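Trainee: Sharing a sequence plus its predicted fold:
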Amino acid sequence: SGKEPKLHRSPLTRENQQFNFRLQQSHIVQRTHLFPVVLSRWSSETRSIQGICIWGSSSCPGLRCLSGLWRSFLASPVWGEDLLTSCGFLLCKGLISKLDLISIRLSSGARLFSFLSLAWGFVADVDIESEQFRQIGALRFLLSTLLRLAYLRIYQGKLAFLPAESQRESASAGFSTADSRLPDHLLVPLEQPVPQDWTLVEEQEFVLVLAMFQSHLGEDLVAAPDARADDGLIHLFYVTAGISRTALLRLFWTMQSGTHLDWGCTHLVYRRARALRLEPLSEAGVMTVDGERVEYGPLQAQVHRGLFKMGGPLPEPHNPDWLLLNLNLMFACLFY
C-alpha cells in the first residue's frame with residue numbers, strides 16, 4: 001500500500017522470561033534516541049529481553065551497513081527477502097551476542113550513546129552535505145565526495161586518546177544494571193587536562209578524524225577491517241594535512257575492500273583506543289555521531305564493552321567470513 005507500518009508491540013510470555021518485540025522506525029536508532037532512554041531506565045521491567053526490528057530510508061547508517069553485509073549472508077534461509085522479514089526471522093532465532101556502546105560527552109554537558117562512528121572533517125562533511133542531493137539516491141555520496149575533494153578543507157584541532165594497551169580496569173568491569181548512571185570512569189572533565197597515560201597527537205591540522213566502533217562505515221566501506229562488535233575498542237583513524245587529492249581518493253577507493261591500511265599512506269594514521277578527546281580549534285565545522293550531526297565543539301568518548309545484547313552469535317576473528325558477518329544482526333535486532 002506504500003504506507004509505513006504503525007509501531008506495534010506484542011508481548012510473548014515464556015517460562016521465567018518475557019520477550020517484548022517492538023517494531024521501531026530506523027530514525028529512533030539512527031539519531032541515538034534509543035540508547036539514552038534504555039540506559040536511563042534500568043529496572044526489573046527494562047531488564048527483560050527486548051527485540052527491535054528496524055526499517056527506513058538510506059539515511060540510516062545502520063541500514064546502509066546492513067545492506068552491504070546482507071548480500072554476503074548466504075547461510076540465511078531468508079537471504080534475498082526484504083529487510084523486515086529477514087530481521088524478524090533472525091530475531092525469532094533467539095541467539096544473543098554482546099555489543100559495545102560508546103558514551104560521548106559534548107561540551108554542553110549532553111551525553112550521547114553511539115554504536116557506529118564519530119566523525120569530524122571530510123567524512124562528516126560528505127555525509128551531511130550529501131543531504132542536498134538526496135533525490136539521486138546513493139549516488140549522492142559519490143557526488144558529495146567529488147565536490148569535497150575539489151574544495152578540500154583543512155581543520156585545526158587537538159586530539160588525544162587512551163591507548164588500548166592501557167593497564168586501567170575494563171570500562172564495564174564493575175558495571176551493574178542497578179547503576180543507572182553508568183559512569184565514564186576513563187574520562188575527566190573537559191576543562192581539565194587529559195590523564196598522563198593518554199597519548200597526545202602532535203599534529204594539529206587534519207583533513208579528517210574518524211572513530212569507528214564497527215567494521216563497516218557504509219555498505220561498501222570497510223573502514224575498520226579488524227573491528228568486532230564486542231572488542232571493547234575505538235578504532236581511531238585520522239588523516240593529516242598535506243595529503244594530495246589523488247591520495248585521498250585512493251584512500252576511499254581501497255576502503256571499499258578494506259585494504260586502505262596496506263598501501264602505506266604516510267598521512268593516514270590508525271590507532272586502537274579505549275577513550276578519546278577531540279577539541280576543534282577551527283571556528284566552523286561539522287561533527288557527526290552515527291551519521292547524525294551533533295553540536296560542534298570539544299567532546300570526549302569512552303567505550304563500554306558488551307553493554308548491550310543483540311541477536312545472533314558473532315563468528316570468531318579467524319573465520320574467513322568474519323569481516324563481512326560480524327554486523328549481520330547488529331542493526332537487525334538489538335536486545336537489552
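Mentor: Sure thing, it's come through. Keep in mind it's a predicted model, so treat the numbers as computed, not measured. Numbers count the residues shown, from 1 in each chain.
Trainee: How much space separates Ser149 from Ala119?
Mentor: Not quite, residue 149 is Leu, not Ser. Leu149 sits 16 Å away from Ala119, going by Cβ to Cβ, to the nearest Å. The C-beta positions use only the backbone N, C-alpha and C, and glycine is treated the same way.
Trainee: Compare those two and say which is more crowded by neighbours.
Mentor: Ala119 (26 against 15; other Cβ atoms under 10 Å).
Trainee: secondary structure class for the more buried one?
Mentor: Taking DSSP: H, G, I helix; E, B strand; the rest coil as the rule, one finds Ala119 in the strand state.
Trainee: tell me the contacts of Glu129?
Mentor: Going by Cβ atoms under 8 Å, 6 or more residues apart in numbering, Glu129 touches Ser144, Leu147, Arg148.
Trainee: at 10 Å what do you get?
Mentor: Glu129 makes contact with Arg140, Phe141, Leu143, Ser144, Thr145, Leu147, Arg148, Val286, according to Cβ atoms under 10 Å, 6 or more residues apart in numbering.
Trainee: Equivalent analysis for Pro195, please.
Mentor: Ala160, Leu162, Ser166, Arg168, Leu186, Leu187, Val188, Ala275.
Trainee: Could you tell me the per-residue confidence at it?
Mentor: Pro195 is assigned 94 on the pLDDT scale.
Trainee: same thing with Val294?
Mentor: If you check Val294, the pLDDT there is 94.
Trainee: what's the answer for the one 5 residues further on, then?
Mentor: As predicted, Leu299 sits at a pLDDT of 97.
Trainee: Spatially nearest residue to it (excluding sequence neighbours)?
Mentor: Nearest non-adjacent residue to Leu299, counting by Cβ to Cβ, 6 or more residues apart in numbering: Leu106, 5.1 Å away.
Trainee: Do I have it right that that neighbour meets Arg277?
Mentor: No. Counting by Cβ atoms under 10 Å, Leu106 stays clear of Arg277, with 11.9 Å between them.
Trainee: quick one: which of the two has more around it?
Mentor: When neighbours are counted by other Cβ under 10 Å, Leu106 and Arg277 differ, and Arg277 comes out ahead with 22 against 19.
Trainee: the inter-axis angle of the helix or strand encompassing Leu159 versus strand 117-121?
Mentor: For Leu159, the element it lies in under DSSP states H and E is strand 155-163. Taking axes from the mean of the first three to the mean of the last three Cα atoms, to 10 degrees, one finds strand 155-163 and strand 117-121 inclined to each other by 150 degrees.
Trainee: Now which of the contacts of Pro195 would you call buried?
Mentor: Among the contacts of Pro195, those buried by neighbour count (16 or more other Cβ atoms under 10 Å) are Ala160, Leu162, Ser166, Leu186, Leu187, Ala275.
Trainee: can you put those residues in CSV and add distance to Val303 and pLDDT?
Mentor: Converted to CSV, the buried ones among the contacts of Pro195 look like this (distance: Cβ to Cβ, whole Å; pLDDT from 0 to 100):
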residue, distance to Val303, pLDDT
Ala160, 15, 98
Leu162, 10, 97
Ser166, 12, 77
Leu186, 9, 95
Leu187, 11, 95
Ala275, 7, 97
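Trainee: Relative to Ala227, which of those residues is nearest.
Mentor: Comparing those against Ala227 with Cβ to Cβ picks out Ala275 as the nearest, at 16.3 Å.
Trainee: Quick check: the closest one touching Leu299?
Mentor: No. Using Cβ under 10 Å, Ala275 is not in contact with Leu299; the gap is 11.5 Å.
Trainee: gap between the two ends of stretch 105-114?
Mentor: 11 Å (Cα to Cα, to the nearest Å).
Trainee: List the buried residues for it?
Mentor: Buried residues in stretch 105-114 (16+ other Cβ under 10 Å): Arg105, Leu106, Arg111, Leu112, Phe113, Ser114.
Trainee: Inside strands: which ones of the residues you listed?
Mentor: Among the buried residues of stretch 105-114, DSSP state E puts Arg105, Leu106, Arg111, Leu112, Phe113, Ser114 in strands.
Trainee: Without its sequence neighbours, what residue ends up closest to the third one?
Mentor: In this structure, Arg111 finds its nearest non-sequential neighbour in Arg105, 5.7 Å apart by Cβ to Cβ, 6+ apart.
Trainee: How confident was the prediction at the one you found?
Mentor: So, for Arg105, pLDDT stands at 96.
Trainee: got it, and Leu233?
Mentor: For Leu233, the model assigns a pLDDT of 95.
Trainee: Around the spatially closest residue to it that is not a sequence neighbour, count how many other residues there are.
Mentor: Among residues not flanking Leu233 along the chain, Arg272 sits closest, at 5.1 Å (Cβ to Cβ, 6+ apart). Using other Cβ under 10 Å, Arg272 has 17 other residues around it.
Trainee: who touches Arg272 in this structure?
Mentor: Arg272 makes contacts with 161, 163-165, 224, 226-227, 231-236, as judged by Cβ under 10 Å, 6+ apart.
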